[in-house]
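Enquirer: Quick one: sequence plus predicted model below, questions after.
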Amino acid sequence: METTQMTEKLNQVITPQQLLTHWQGHRALTRRVIEAFPEDKLSDYTIGGMRPFIGLIAELIDLAEGGVEGLATGNWKSAEEWGHVTGNGPKTKEELLAKWDEVTEKINLFFPQITEDNFQDSVLAFGQYEGTVISMILYFIDNENHHRGQSYVYLRSLGINPPFFWER
């Protein structure tokens with residue numbers, strides 16, 4: 001058994017710290033998108049049925065904050081309890097950025113509490129999404145990329161060049 005564990009360690013592609021650094025790189029880029037977004041367009045500008053920008057960012061805040069805490073502690077609140085998506089979150093760009101930074105610190109606090117041995121554990125995220133710890137972390141990152149892509153469309157349609165996606 002020890003040989004199997006050693007082989008698995010040798011075949012590891014990315015360490016938990018590298019994964020956290022990768023995620024935080026995406027978050028830093030998304031933060032620059034928030035900074036670039038016009039204050040007067042946060043809550044009422046839409047294209048093709050997409051949610052307003054503030055709704056996209058509220059979802060990212062809720063997933064990251066509730067997700068990393070839930071993965072680390074096993075205590076999951078429902079999406080409604082977080083409240084940002086339901087309209088009880090930040091309303092201004094300044095409030096969005098402050099909350100974004102607060103969640104970034106929570107990720108830095110809780111992520112190291114998720115042990116490498118737990119990455120393949122099954123979880124029921126937010127009481128409704130079944131998967132493994134690693135699949136949830138990857139989903140949080142993928143979802144942020146998706147909504148940041150939508151935000152790029154918004155920025156470009158407003159005549160604003162978004163930050164370069166590779167500058168994480």
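Expert: Noted; the coordinates are in hand.
Enquirer: Who are the contact partners of the nearest residue to Q128 once chain neighbours are set aside?
Expert: By the measure of CB to CB, 6 or more residues apart in numbering, the closest residue to Q128 outside its immediate chain neighbours is S78, 7.9 Å from it. Yep, even glycine has a C-beta here, placed from its N, CA and C like the rest. Contacts of S78 were listed using CB atoms under 8 Å, 6 or more residues apart in numbering, and they are 126-128.
Enquirer: In the protein, where's the longest helix?
Expert: In the chain, taking DSSP state H as the definition, the longest helix is helix 133-157.
Enquirer: what's that one packed up against?
Expert: Helices and strands touching helix 133-157, by 3 or more CB pairs under 8 Å, 6 or more residues apart in numbering; DSSP states H and E, are helix 16-36, helix 53-73, strand 122-125, strand 129-132.
Enquirer: again, only this time at 7 Å
Expert: Contacts defined by 3 or more CB pairs under 7 Å, 6 or more residues apart in numbering; DSSP states H and E place helix 133-157 against helix 16-36, helix 53-73, strand 122-125.
Enquirer: wait, F119 sits on I134?
Expert: Yes: F119 lies in contact with I134 (CB atoms under 7 Å); the separation is 4.3 Å.
Enquirer: related to what we said a few turns ago, how much space between the residue nearest to Q128 and K93?
Expert: In this view, S78 and K93 are 27 Å apart by CB to CB, to the nearest Å.
Enquirer: next one: F165
Expert: F165 sits 21 Å away from K93, going by CB to CB.
Enquirer: More neighbours: the two, which one.
Expert: K93 (19 against 13; other CB atoms under 10 Å).
Enquirer: right, and the more buried one touches E39 too?
Expert: Yes: using CB under 7 Å, K93 is in contact with E39, at 4.9 Å.
Enquirer: hey, which helix or strand in the chain has the poorest pLDDT?
Expert: Lowest by mean pLDDT, DSSP states H and E among the helices and strands of the chain is helix 2-10, with a mean of 54.
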